[in-house]
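Trainee: predicted model and sequence below, questions to follow.
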Amino acid sequence: MSWCCLPRAKKQQHNLYSHKQQEILHSNTSISGISAEKNIRLFSYAQLRSATDNFNHNNKVGRGGFGTVYKGTLPNKQDVAVKVLFAESRQGIREFLIEIDVISNVKHPNLVELIGCCVEADNRILVYECLENSSLDRALLGSTSDPPNFTWSVRSSICIGVARGLAYLHEDIKLYSIILNVELV
Ligand SMILES: Nc1ncnc2c1ncn2[C@@H]1O[C@H](COP(=O)(O)OP(=O)(O)OP(=O)(O)O)[C@@H](O)[C@H]1O
């Protein structure tokens, strides 16, 4: 019995290993392809660790549903937002690459731009342009120490910016799809 099973188990292990190797080889090729084609920069984990001072808690700027966001500074002094995906939301390399491919196509003045990514070992990290002011909820609800001056003109330009970003993402938004209620909202 054990004689029969052992070679089989070994063979399966070997197959799994070479499959994974193939996936990594394939994904490295895909990452380079995507990064070259879409102008997405590939960062090493060490580069992002250094940019964020070892993902220092003091550099944490937020937390989303899928990861923690740190402010980082690249050697050329460019500020970036470094989003480290939670272990439980880390996808396989292939799924991550598909997502990078999709996000990298999103280029609009009212949408945050993806600059690069890091796929090293189990790490999945997205690097975005860094925006200077805090999120709208924090600014509106006043949890920042220095809230921006929200004049009506600023508020209206924020609304227009949000609408433009949404319209870009949802190309099928048409005036006839927006139905007003009795209070015109
Ligand atoms: N590019 C950025 N520049 C500055 N701060 C950012 C940037 N991206 C995110 N942040 C900060 O991190 C917080 C969380 O952002 P994140 O994108 O993770 O939120 P999210 O929309 O919940 O994302 P998801 O649910 O997709 O993980 C934001 O509210 C903001 O304070």
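Mentor: Yep, that arrived.

Trainee: so what touches stretch 127-137?
Mentor: 41, 43, 48, 61-62, 71-72, 79-83, 112-118, 139, 144, 148, 158 (C-beta atoms under 8 Å, 6 or more residues apart in numbering). Where C-beta positions appear, they are placed from N, C-alpha and C, glycine not excepted.

Trainee: pLDDT of the strand or helix carrying residue 156, averaged?
Mentor: Assigned by DSSP states H and E, residue 156 belongs to helix 152-169. Averaging pLDDT along helix 152-169 yields 92.

Trainee: run the chain-centre distance for that helix.
Mentor: In terms of C-alpha atoms, centre = their mean, to the nearest Å, the centre of helix 152-169 is found 22 Å from the chain centre.

Trainee: export it to CSV, keeping only CA atoms.
Mentor: Provided in CSV are the C-alpha atoms of helix 152-169 (Å, rounded to 0.1, in the frame of the first residue of the first chain):
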residue,chain,number,x,y,z
TRP,A,152,-20.6,76.8,-1.7
SER,A,153,-18.5,77.2,-4.8
VAL,A,154,-16.0,74.6,-3.4
ARG,A,155,-18.9,72.3,-2.6
SER,A,156,-20.4,72.7,-6.0
SER,A,157,-17.1,71.9,-7.8
ILE,A,158,-16.7,68.8,-5.6
CYS,A,159,-20.1,67.6,-6.7
ILE,A,160,-19.3,68.3,-10.3
GLY,A,161,-16.0,66.4,-10.0
VAL,A,162,-17.7,63.4,-8.4
ALA,A,163,-20.3,63.4,-11.1
ARG,A,164,-17.7,63.6,-13.8
GLY,A,165,-15.8,60.7,-12.3
LEU,A,166,-19.0,58.6,-12.0
ALA,A,167,-20.0,59.5,-15.5
TYR,A,168,-16.7,58.3,-16.8
LEU,A,169,-17.0,55.0,-14.9
